[in-house]
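Chemist: below is the structure, and that's it, no one-letter string:
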């Protein structure tokens, strides 16, 4: 009976030892798997970060390029507006300018010059009391009541 008990205890010792070794091996394998998975995740994270950084850099470059284009368009638009304003101003100046002295004498005829306005134009008094100047086209342009020169 002692032999049987010794054999049984020996068998149980072997079984428990093999189970303990099996558990240790599983634990080692699980740790190794976890380490490998972590390494793969780190590599994937680095790759993703690099891709995101590249995309951000490209987006910034695109935005900068587009901003330059918009700035150039605005600058050209401002230049166009300035040129157009200059043309209009020249036209207005031309329209408001006085006619030559010869034309003034012909148009004014016997009407008396009564002075000059704030813009330096010769002002004439008409036969019925109206005041006018001769514009660049050689036509009489009558002044309204507020603009008349006091005599």
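Modeler: Looks like it arrived, so ask away. Note that the coordinates shown come from a computational prediction; the quantities given were computed from them, not determined experimentally.

Chemist: low-confidence ranges, this protein, go.
Modeler: In the predicted model of the chain, residues 9-16, 18-20, 91-99, 108, 151 satisfy pLDDT under 70.

Chemist: where along it do the strands fall?
Modeler: With DSSP state E as the criterion, the chain has strands at 112-116, 122-125, 131-134, 140-142.

Chemist: point out the most buried one among the ones you listed.
Modeler: Of all these, strand 131-134 has the most neighbours on average by mean count of other C-beta atoms under 10 Å, namely a mean of 22. Just so you know, the C-beta spots here come from the backbone N, C-alpha and C atoms, and that holds for glycine as well.

Chemist: mind listing the helices for this structure?
Modeler: Residue ranges of the helices in the chain, as given by DSSP state H, are 2-96, 101-108.

Chemist: if I look at residue 4, how far off is residue 85?
Modeler: Per C-beta to C-beta, to the nearest Å, residue 4 is found 118 Å from residue 85.

Chemist: burial of residue 88, as a residue count?
Modeler: Neighbours of residue 88 under the rule other C-beta atoms under 10 Å: 10.

Chemist: in JSON lines: the strands of the chain, plus distance to residue 149.
Modeler: Listed next are the strands of the chain as JSON lines, based on distance: least, C-beta to C-beta, whole Å:
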{"stretch": "strand 112-116", "distance to residue 149": "5"}
{"stretch": "strand 122-125", "distance to residue 149": "5"}
{"stretch": "strand 131-134", "distance to residue 149": "6"}
{"stretch": "strand 140-142", "distance to residue 149": "13"}
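
Chemist: can you put the helices of the chain in JSON lines and add distance to residue 150?
Modeler: Listed next are the helices of the chain as JSON lines, based on distance: least, C-beta to C-beta, whole Å:
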{"stretch": "helix 2-96", "distance to residue 150": "22"}
{"stretch": "helix 101-108", "distance to residue 150": "20"}
